[in-house]
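Student: Just a sequence and a predicted model for now, questions to come.
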Amino acid sequence: MRRRSVARKFSPRWATARAALQSLTRDYLTRRKSIPVPKSRRKWTSSVKILGARQHNLKNIDVELPLGVFTCVTGVSGSGKSTLVHDVLYRNLLRAKGQSSDQEPGACKSITGTHRIGDVVMVDQSPLARTPRSTPILYLGLFDQVRELFAAQPEAMAQGLTAGAFSFNAGNGRCERCSGTGYEKIEMQFLSDLYVRCAECEGKRFQPHVLKVRLHEKSIHDVLELTISEAIHFFAQTGEDCGARISDGLKVLDEVGLGYLRLGQPLNTLSGGESQRLKLVGHLSDASGTRNLFIFDEPTTGLHFDDVAMLLQLFQRLVDRGHSLVVIEHNLEVIKCADWIVDLGPEAGDAGGEVVATGTPEQIAQAEKFAYRKISSRHVLSEVREPLHVIREPRRRRGSHAQIDARDCEVLAYAQDDSES
Ligand SMILES: Nc1ncnc2c1ncn2[C@@H]1O[C@H](COP(=O)(O)OP(=O)(O)OP(=O)(O)O)[C@@H](O)[C@H]1O
Ligand SMILES: [Mg+2]
Ligand SMILES: [Zn+2]
């Protein structure tokens, strides 16, 4: 009897079933979680108009891109989306705004309405920094305040340390051997460089007398090792105004699901999706009030469904702040959430390069020539009324799993804000 129970505990089948209960992929496969279709589409009144675009395969087309809304540019691969959005729109707008572009703008007669937008910003998944010198807390512009908090501690004052001593990028508080990076580069003659932990500071970046200064029992190194979520609690409980401001400033990262990053994680080690999200957070926390045009070319590349849900929420927040979004996308989950669609096609190369349909996702779903009709855009849009099960859910037994069921079925609060704007 005893043997059997042990065998069951460690059986691979049992392990698989337990793992599956935590699998977000399973939740999307079985449609327990899904990205809901917005209840309404934003209306728009102003736009940017591209007239006579004829770069590459574009057939001398006029395209109107609405402002203050989330627009998706769709169409089969090779239909001309990147040509229209990168070469024609982005590069001409850069030139109109007096910014240099390393490549020649795509050919078109004119673009009108450029004065209606502030900056034009291309957001991709490329790394935010090439060196390990920047980290999330530096990127959010909150590290200066952290350093001031440390400099105000009795131990720092007794030693005569100013905020500058708590910088790992400059000043004389950082470890001299590794210049504050925490590791040393060993150049290998025929192989790529090797990085090893600094023998002097053991990866702690600072000199011992700086590490001796404690803020609520944590050294500056301990603080940089905190995750964003931990740091939000830590700074809130310091009881100082400055601490509360740091805590509030970090919350936006937690809201977009990056609460697990560490304050001191070098930005060049972030994944593509993490980098993209952090860039958007940077724009969300920008208080300048300019209404920008954000451009994305297939931003969901490499993202899990759950990440797509999070990215869509960020998109909606940017638009709610008055910005405009032009997103090239094949992913139907994203397309169905847009306010407006510009569909290029009908096919690739010379057989493409025309505007096939424009309108809201509902209008496009009715259109005769939409490139995605075959993939059944109507199904995607109708799923609110009638969920389309990809894989049937297994029958549930009563009892021990009941609790897990309740947790699994919780509404995906961050998937989409459906409130009318
Ligand atoms: N530099 C170039 N010179 C000549 N033709 C080009 C050039 N760049 C793109 N094209 C052609 O223009 C057409 C449109 O290309 P584009 O990159 O705009 O497609 P796309 O809709 O963005 O496709 P995808 O979804 O695969 O990214 C394609 O037939 C492509 O081969
Ligand atoms: Mg493209
Ligand atoms: Zn060192």
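Tutor: Ah, there it is. Ligands and ions are numbered 1, 2, ... in the order given.

Student: Please look at Phe114 and Tyr90 and confirm they touch.
Tutor: One correction, residue 114 is Thr, not Phe. No. Applying CB atoms under 8 Å as the test, Thr114 and Tyr90 come out as separate, 11.8 Å apart. Where C-beta positions appear, they are placed from N, C-alpha and C, glycine not excepted.

Student: who has more neighbours, the two?
Tutor: Just comparing Thr114 and Tyr90: by other CB atoms under 10 Å the higher neighbour count belongs to Tyr90, 23 against 16.

Student: is it true that the more buried one lies in a helix?
Tutor: Yes. Tyr90: assigned to a helix according to DSSP: H, G, I helix; E, B strand; the rest coil.

Student: Strands of the stretch 101-250 of the chain, start to end?
Tutor: Using DSSP state E, counting those that start in this stretch, the strands of the stretch 101-250 of the chain run over residues 110-112, 120-122, 183-186, 194-197.

Student: which helices and strands does the third one pack with?
Tutor: In terms of contacts (3 or more CB pairs under 8 Å, 6 or more residues apart in numbering; DSSP states H and E), strand 183-186 is packed against strand 194-197.

Student: Relative to Pro66, how far out is Val342?
Tutor: Val342 is 9 Å from Pro66, where distance means CB to CB, to the nearest Å.

Student: Just want to know which of these two has more residues nearby.
Tutor: Higher neighbour count among Val342 and Pro66: Val342, with 25 against 20, using other CB under 10 Å.

Student: For the more buried one, which three-state class applies?
Tutor: Per three-state DSSP, Val342 ends up strand.

Student: Specify the beta-bridge partners of it.
Tutor: Going by DSSP bridges, Val342 is paired in beta bridges with Val73, Thr358.

Student: Make 867 the starting number, not 1.
Tutor: Renumbered: residue one is now 867, and that last one reads Val1208.

Student: I'd assumed Val1221 was in contact with it.
Tutor: Yes. The pair Val1208 and Val1221 passes the contact test of CB under 8 Å, sitting 6.4 Å apart.

Student: Common neighbours of the two, please.
Tutor: Val929 (CB atoms under 8 Å, 6 or more residues apart in numbering).

Student: Spell out which parts of this protein neighbour ligand 1.
Tutor: His922, Asn923, Gly941, Ser943, Gly944, Ser945, Gly946, Lys947, Ser948, Thr949, Ala1214, Gly1215 (CB under 6 Å from any ligand atom).

Student: Whichever of these end up buried, select them in ChimeraX.
Tutor: The ChimeraX command for the buried members of these (criterion: 16 or more other CB atoms under 10 Å) is given here:
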select :922,923,941,944,945,946,947,948,949,1214
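
Student: separation between Leu895 and ligand 3?
Tutor: Leu895 is 47 Å from ligand 3, where distance means CB to the ion, to the nearest Å.

Student: Look at Ser1083 and say how many residues are nearby.
Tutor: I think there's a mix-up here, since residue 1083 is Glu and not Ser. Glu1083, neighbours per other CB under 10 Å, totals 6.

Student: So what does it look like in phi/psi?
Tutor: phi 70, psi 0 (degrees, to the nearest 10).

Student: thinking again about what came up before, can I get the strands of the stretch 967-1116 of the chain in CSV with mean pLDDT, distance to Gln969 and mean neighbour count?
Tutor: Output for these, formatted as CSV (pLDDT from 0 to 100; distance: least, CB to CB, whole Å; neighbours: other CB atoms under 10 Å):
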stretch, mean pLDDT, distance to Gln969, mean neighbour count
strand 976-978, 97, 17, 14
strand 986-988, 94, 12, 18
strand 1049-1052, 85, 34, 13
strand 1060-1063, 85, 35, 12
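
Student: Of those strands, which is nearest ligand 3?
Tutor: Checking those against ligand 3 by CB to the ion gives strand 1049-1052 as the closest, at 7.5 Å.
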